[in-house]
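Colleague: take a look and give me a structure for this.
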Amino acid sequence: MSVILPLDPILSPTDALTTLGRLPRPVLLHSTMPSHAMGHCSYFAADPIAVLTGDAAEWGAMRTQLRATFDPGCPHDAALPDFQGGWLGWLSYEVGRAFDRMPLAEHDPFKVPDISLGLYDWVIAWDHRASKQWLISTGVDASGKRDGARASRRAAEVMARLTPPAPARSGPERPEAVAAFPGVPPGLRADFAPAEYRAAVARVIDYILAGDIFQANLTQRFTAPFTGDPLHLLAALERSAPAPLGACIRHDDTQLFSASPERFLRYDPRSRVVETRPIKGTRRRDPEPRRDAALARELTASEKDRAENVMIVDLLRNDLSRVCEARSVAVETLCQLESHATVHHLVSVITGRLRAGQDALDLLGATFPGGSVTGAPKLRAMAILAELERVRRGIYCGAIGWLGLDGGLDFNLAIRTIIVKDGVAAIHAGGGVTALSDPDAEYRETLDKARALIAAVAEAS
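Modeller: Predicted coordinates:
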């Protein structure tokens, strides 16, 4: 019943956003690392037929509406990218209040909705490795019912708006490693002075030594005025921080730009396999190859960073076990080195098989927010973070991605993310604090993670 149209010539994801971005609530989930294991596909959609937006307290009613649109028997073409219509958007970090007792930081400067999801009945999907692109129009309505005539009509509307891409402009290749970025946007401010952040790290260590927790992911926020062109910001971010799970979303008065390297959750309803890929452990990249290799070796040999990663792996194994079949949860990869444009990371991969009677929304409820951005034990770590952090996290450390009509999902962990609202760009960065942490090193790690995003804001301002 869906209408599936191969597109030729192929538009780039940025071309699609430029051409169709004036439609309501555009969403681009964009991989700029097609060689990465998670960088296989990109998606663009706009003009949703239903919208869910509001506070975490409304999750129960929203969950009912989401579940009503799931149809395990709906058509799904295995030759196409996984997302073939459904819900796109974000869940903020504070959506965790819908699932557990979760104290909140007092200050909420942006007041972005906790939940912002649109039901999109058409999507443009890219398979970057195969160099193919399709328009998929499902004909679905707000209740989840499908209509072939509607699918054809909506496909024709989108095709009428598409224009061929402009000729590609030549330019320098993106560097594989970047040590520093000269650009700093005027008016850049941090919520912590350097000494204050180091003192907060020391306070977390005190909690660890007192036996309260094993680890907490302490973050800080940077802000700068921004009234530049959002497309310029997206292009600058893609240059400075290519990522497998990027995003650009405009919902109402909020614009979101993400260059996340981390998968929070993927769920395939046909195999019922769940995957999560926590990142813990970071070193900056260096443009000099020998120094860069030495930093990578230092990270893989670091007792502190490996312990940090293993603790979060154990937490996520426990979270997945709440909804997965007994003995199906497995650690496929532990503390593997993964190198990005500006940082090296340690990444682990955990899988499981969802139990019968459980679905994607049950999976979210068992695991949200992601353990790699909270700490362990999760609830106590979140309480300590609410005490020490200066502002609520909002979309940062939440999740950005999709829930398919077939009941599948794929969400990133919303790190390396810029939020623009009311003429201000906000960037958060943090790291896992353990008993072996050094406050100076933890502070530098936040700068290493934020540097590329700050440079993108400066370039586009």
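
Colleague: looking at this structure, which residue reaches furthest from the middle?
Modeller: Largest separation from the mean C-alpha position in the chain: residue 149, at 34.7 Å (C-alpha atoms, centre = their mean).

Colleague: how far does stretch 356-364 stretch from start to finish?
Modeller: Taking C-alpha to C-alpha, to the nearest Å, the first and last residues of stretch 356-364 lie 16 Å apart.

Colleague: run the chain-centre distance for that stretch.
Modeller: Chain-centre distance of stretch 356-364: 20 Å, with C-alpha atoms, centre = their mean, to the nearest Å.

Colleague: quick one: contacts of that stretch?
Modeller: Stretch 356-364 is contacted by residues 63, 66-67, 70, 91, 99, 265, 267, 269, 274, 323, 354, 403, 407-409 when judged by C-beta atoms under 8 Å, 6 or more residues apart in numbering. Glycine gets a C-beta too; all of them are placed from N, C-alpha and C.

Colleague: 10 Å instead, please
Modeller: Here stretch 356-364 makes contact (C-beta atoms under 10 Å, 6 or more residues apart in numbering) with 59, 62-64, 66-67, 70, 72, 91, 95, 98-99, 264-265, 267, 269, 272, 274, 276, 319-320, 322-325, 352, 354-355, 365-366, 399, 403-404, 406-411.

Colleague: also stretch 298-306?
Modeller: By C-beta under 10 Å, 6+ apart, the list of residues contacting stretch 298-306 from outside reads 280-284, 308-309, 334-337, 339, 343-346, 431-438, 441.

Colleague: residues of stretch 418-432 that come out buried?
Modeller: Buried residues in stretch 418-432, counted by 16 or more other C-beta atoms under 10 Å: 418-421, 425-432.

Colleague: filter the contacts of stretch 356-364 down to the buried ones.
Modeller: 59, 62-63, 66, 70, 91, 95, 98, 264-265, 267, 269, 272, 274, 276, 319-320, 323-324, 352, 354, 365-366, 399, 403-404, 406-411.

Colleague: can you list the strands that the strand or helix carrying residue 247 pairs with?
Modeller: Per DSSP states H and E: residue 247 is located in strand 245-251. Strands that pair with strand 245-251, judged by DSSP bridges, come out as strand 27-30 (antiparallel), strand 254-260 (antiparallel).

Colleague: report the rounded mean pLDDT for the longest one.
Modeller: Right, strand 254-260. The pLDDT scores in strand 254-260 average 97.

Colleague: who are the packing partners of the next helix or strand after it?
Modeller: Remark: after strand 254-260, the chain's next helix or strand is strand 263-268, criterion DSSP H and E. Applying 3 or more C-beta pairs under 10 Å, 6 or more residues apart in numbering; DSSP states H and E, we find strand 263-268 packed against strand 273-277, helix 303-321, strand 343-353, helix 360-367, strand 399-404, strand 409-413.

Colleague: same thing but at 8 Å, please
Modeller: The contact analysis (3 or more C-beta pairs under 8 Å, 6 or more residues apart in numbering; DSSP states H and E) places strand 263-268 against strand 273-277, helix 360-367, strand 399-404, strand 409-413.

Colleague: gap between the longest one and the chain center?
Modeller: It refers to helix 360-367. 16 Å.

Colleague: between that helix and strand 273-277, how many degrees?
Modeller: Helix 360-367 and strand 273-277 are oriented at 40 degrees to each other (axes from the mean of the first three to the mean of the last three C-alpha atoms, to 10 degrees).

Colleague: what's downstream of helix 360-367, the next helix or strand?
Modeller: Following helix 360-367 in sequence, per DSSP H and E, is strand 375-376.

Colleague: note down every partner strand of that following strand and its orientation.
Modeller: Assessed with DSSP bridges, strand 375-376 is paired to strand 215-225 (antiparallel).

Colleague: dump the partner strand to PDB, keeping only the CA atoms.
Modeller: What follows is strand 215-225, C-alpha atoms only, in PDB (Å, rounded to 0.1, in the frame of the first residue of the first chain):
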ATOM      1  CA  GLN A 215      30.300   6.900  39.100                       C
ATOM      2  CA  ALA A 216      28.400  10.000  38.000                       C
ATOM      3  CA  ASN A 217      28.400  11.800  34.600                       C
ATOM      4  CA  LEU A 218      28.900  15.500  35.600                       C
ATOM      5  CA  THR A 219      28.100  18.100  32.900                       C
ATOM      6  CA  GLN A 220      28.400  21.800  32.300                       C
ATOM      7  CA  ARG A 221      26.700  24.100  29.800                       C
ATOM      8  CA  PHE A 222      28.100  26.800  27.500                       C
ATOM      9  CA  THR A 223      25.900  29.400  25.900                       C
ATOM     10  CA  ALA A 224      26.500  32.100  23.200                       C
ATOM     11  CA  PRO A 225      24.200  34.500  21.300                       C
END
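
Colleague: buried sites along it?
Modeller: So strand 215-225, judged by 16+ other C-beta under 10 Å, has buried residues 215-224.

Colleague: ok, residues contacting the helix or strand following it?
Modeller: Later in the chain than strand 215-225, the nearest helix or strand by DSSP H and E is helix 230-240. With contact meaning C-beta under 8 Å, 6+ apart, helix 230-240 is reached by 14, 17-18, 21, 30, 32, 174, 178, 181, 226, 246, 248, 250, 255, 257, 259, 341-342, 418, 420, 425, 452-453, 455-457, 459-460.
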